[in-house]
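Asks: Sequence and predicted structure are below.
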Amino acid sequence: MKHNLKLGSKLSLVIALSASLLLGAPLTQPVYAEANANVLEVIETASLSQVEVTGASEGRMLFYDDSGKYGFMDYEGNIVIPAKYEYATMFSSGIAEVETENGVAYIDLDGNIAFYAQDILDQFDLDSVYPEIQSFSDGVAVVSTYDSVGYINTKGEFIIPMDTYYNGYKFTDGVAEVYDSNYKTTYIDKDGNTLFEPNPDLSYYGFVNGMSIIYNYDNSQYGYVDKSGEIVIKTTLDDATDFVGDIAVYSELGKKRHY
């Protein structure tokens, strides 16, 4: 059963709620709520009283049951992936990391195995290095060693090989910040193409909807760049937020405005 409550802003997560505060009376089982557009949909289902929900993302609630095993429900409280994992993470880019009888695996939203961690480890000399597979972001995960990074897709395939860069960060909005062995910084796309080299006088906050907030150290003001590194809004703002669609809120001369 669901109860709708109006929200003032758009959210995309599931949170635990106090039923007595929201609905005016206590319920017989736990209540969770899905923030869908501007309506908070309170989820009331008996199945939630039988498990412990630890978090939610991308339409899946991560839970564990009395056996201590982890599984996933949808936002209606229906079990989509049974509790059978020793360990599990929440979904990101449609992929979750789980501990199976056959080792660490990466599964899709329906519980199908996309690839095993061992598939990645087998490509390394584990006597000299041990790679770390980081969480997925924007459909890509960083694979790192002490002196190199590469990037894999959700099938476990390298789209940017190891040894291409000395260090690097996760992709957001199709862009990642990487370094060579001399710590020269560049921004790349998912094909490994260089998009631009950053201005050392600016700090870049990460790309969202084609834009990144920048901070100018010289005048302590904010602005925006596009994916080519071109400044599209000059650093004359007191404060700035990421673009949501075509709109971003900023502060100028002490007043809130928007583009």
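Replies: Yes, it's here. These figures come from a predicted structure and were not determined experimentally.

Asks: Can you verify residue 119 is assigned to a helix?
Replies: Yes: residue state for residue 119 (DSSP: H, G, I helix; E, B strand; the rest coil) corresponds to a helix.

Asks: ok but residue 141 is inside a strand, no?
Replies: Yes: under three-state DSSP, residue 141 falls within a strand.

Asks: And for the closest residue to residue 64 other than its chain neighbours, the neighbour number?
Replies: Spatial nearest neighbour of residue 64, excluding adjacent residues (Cβ to Cβ, 6 or more residues apart in numbering): residue 70 at 4.9 Å. Heads up, the C-betas are built off the backbone N, CA and C, glycines and all. The number of residues packed near residue 70 is 24, by other Cβ atoms under 10 Å.

Asks: Touching, residue 70 and residue 88? I think so.
Replies: Yes: assessed by Cβ atoms under 8 Å, residue 70 is found in contact with residue 88 at 3.9 Å.

Asks: list the residues that contact both of these two?
Replies: Jointly contacting residue 70 and residue 88 under the rule Cβ atoms under 8 Å, 6 or more residues apart in numbering are 62, 98.

Asks: pLDDT value on the residue lying closest to residue 138 once chain neighbours are set aside, please?
Replies: Excluding its sequence neighbours, the residue lying closest to residue 138 (Cβ to Cβ, 6+ apart) is residue 171, at 4.0 Å. What the model reports for residue 171 is a pLDDT of 97.

Asks: Ok, residue 138 next?
Replies: pLDDT recorded at residue 138 is 97.

Asks: got it, and residue 82?
Replies: The model's pLDDT for residue 82 equals 95.

Asks: residues in contact with the helix or strand where it lies?
Replies: For residue 82, the host element (DSSP states H and E) is strand 79-85. Identification of contacts with strand 79-85 by Cβ under 8 Å, 6+ apart yields 47, 51, 60, 63-65, 67, 69-74, 98-100, 107, 109-111.

Asks: Give the partner strands of that strand in its sheet and their orientations.
Replies: Sheet pairing of strand 79-85 (DSSP bridges) gives strand 70-73 (antiparallel).

Asks: Can you dump the C-alpha atoms of the strand it pairs with in CSV for me?
Replies: Only the C-alpha atoms of strand 70-73 are listed here, as CSV (Å, rounded to 0.1, in the frame of the first residue of the first chain):
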residue,chain,number,x,y,z
TYR,A,70,21.7,-10.3,1.5
GLY,A,71,19.2,-9.8,-1.3
PHE,A,72,17.2,-7.2,-3.1
MET,A,73,13.5,-6.0,-3.2
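
Asks: for the record, mean pLDDT for that strand?
Replies: The average pLDDT within strand 70-73 is 95.

Asks: mind listing what's buried in it?
Replies: Neighbour-count burial for strand 70-73 flags 70, 71, 72, 73 (criterion: 16 or more other Cβ atoms under 10 Å).

Asks: Then stretch 145-153?
Replies: By neighbour count on 16+ other Cβ under 10 Å, the buried set for stretch 145-153 is 148, 149, 150, 151, 152, 153.

Asks: What of stretch 98-116?
Replies: Buried residues in stretch 98-116, counted by 16+ other Cβ under 10 Å: 98, 99, 104, 105, 106, 107, 109, 111, 114, 115, 116.

Asks: So, low pLDDT: which residues of the protein?
Replies: Along the chain, segments meeting pLDDT under 70 span 1-49, 247, 249-259.

Asks: before we move on, the earlier item: let me know the closest of the buried residues of stretch 145-153 to residue 141.
Replies: Closest to residue 141 out of the buried residues of stretch 145-153 is residue 152 (5.3 Å), distances taken as Cβ to Cβ.

Asks: need the contact list for the closest one.
Replies: Contacts for residue 152 (Cβ under 8 Å, 6+ apart) come out as 120, 133, 140, 141, 143, 158, 159.

Asks: which residues in the stretch 1-150 of the chain form helices?
Replies: Along the stretch 1-150 of the chain, counting by DSSP state H, counting those that start in this stretch, helices occupy 19-23, 117-121.

Asks: so what's residue 208 up against?
Replies: 172, 173, 242, 243.
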